[in-house]
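> My questions concern the predicted model and sequence given below.
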Amino acid sequence: MAYKVVSINEINNSISNNALGVSFPFRGSHGIFTSTYTTVDQATSNLKNLLLTAKGERLMHPSFGTDLPRILFQPIDDSIKQLIDDIITQPVNEWLPYIQINDIETTTAVDDPDLQYNVKIVVLFSVRGILNEQDNNTITIFSTDNQIILS
């Protein structure tokens with residue numbers, strides 16, 4: 001079977017015409033999902049989906065997700081930062097091996113009394129195999145008393 005060899009320019013041009021996946025959160029108008037067109041955008045959506053899915057929530061995939069939704073509503077103590085690091089890093093390594101977690105910055109209301117949220121988590125990551133993989137992409141998670149806010 002013959003295979004066509006394509007250049008990076010051909011790949012970049014075809015990206016504008018072909019969606020790679022569905023963006024997260026799902027907020028399409030009229031029931032139509034918003035598409036992603038770059039690898040980094042799709043990896044970001046996949047990471048958001050993984051972080052906000054509670055373990056055991058997915059049928060037939062009980063280990064998919066994290067315990068982050070559960071832990072963010074527990075009382076804050078000294079061990080929460082290391083616990084959050086572990087809760088994020090292990091599932092990402094298992095389910096999204098193409099994502100490299102570069103840093104996780106956790107700030108609690110104890111650290112910063114002026115913080116308007118209970119916990120603020122900034123996840124800095126890069127996508128392996130992308131030409132500019134040194135570039136940090138960011139997901140920020142805020143936790144209040146009764147909700148998780150993602151940006």
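The structure has been received and is ready for your questions.

> any chance you could map the helices in this protein?
Read by DSSP state H, the chain holds these helices, from start to end of the chain: 8-15, 39-52, 68-71, 80-95.

> want to try a markdown table for those helices, with mean neighbour count as columns?
(Glycine included, C-beta is placed from N, CA and C.) Converted to a markdown table, the helices of the chain look like this (neighbours: other Cβ atoms under 10 Å):
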| stretch | mean neighbour count |
| --- | --- |
| helix 8-15 | 10 |
| helix 39-52 | 19 |
| helix 68-71 | 17 |
| helix 80-95 | 17 |
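
> surely residue 88 meets residue 66?
Yes. The pair residue 88 and residue 66 passes the contact test of Cβ atoms under 8 Å, sitting 6.4 Å apart.

> what do those two both touch?
Jointly contacting residue 88 and residue 66 under the rule Cβ atoms under 8 Å, 6 or more residues apart in numbering are residue 51.

> Of the helices of the chain, which is nearest residue 144?
Minimum separation from residue 144 across these (Cβ to Cβ) falls at helix 68-71, 12.8 Å.

> what residues are up against the residue sitting nearest the centre point of the chain?
Nearest residue to the geometric centre of the chain (Cα atoms, centre = their mean): residue 47, 2.5 Å. Residues near residue 47 by Cβ under 8 Å, 6+ apart: 92, 96, 99, 123, 125, 139.

> just to revisit the earlier point, mean pLDDT lowest where, among the helices of the chain?
Taking each of those in turn, the lowest mean pLDDT turns up on helix 8-15, with a mean of 48.

> Highest neighbour count among the contacts of residue 47?
residue 123 (25 neighbours; other Cβ atoms under 10 Å).

> hang on, the earlier thing: as TSV, the helices of the chain with distance to residue 114 would be great.
Conversion of those to TSV gives the following (distance: least, Cβ to Cβ, whole Å):
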stretch	distance to residue 114
helix 8-15	42
helix 39-52	25
helix 68-71	23
helix 80-95	19
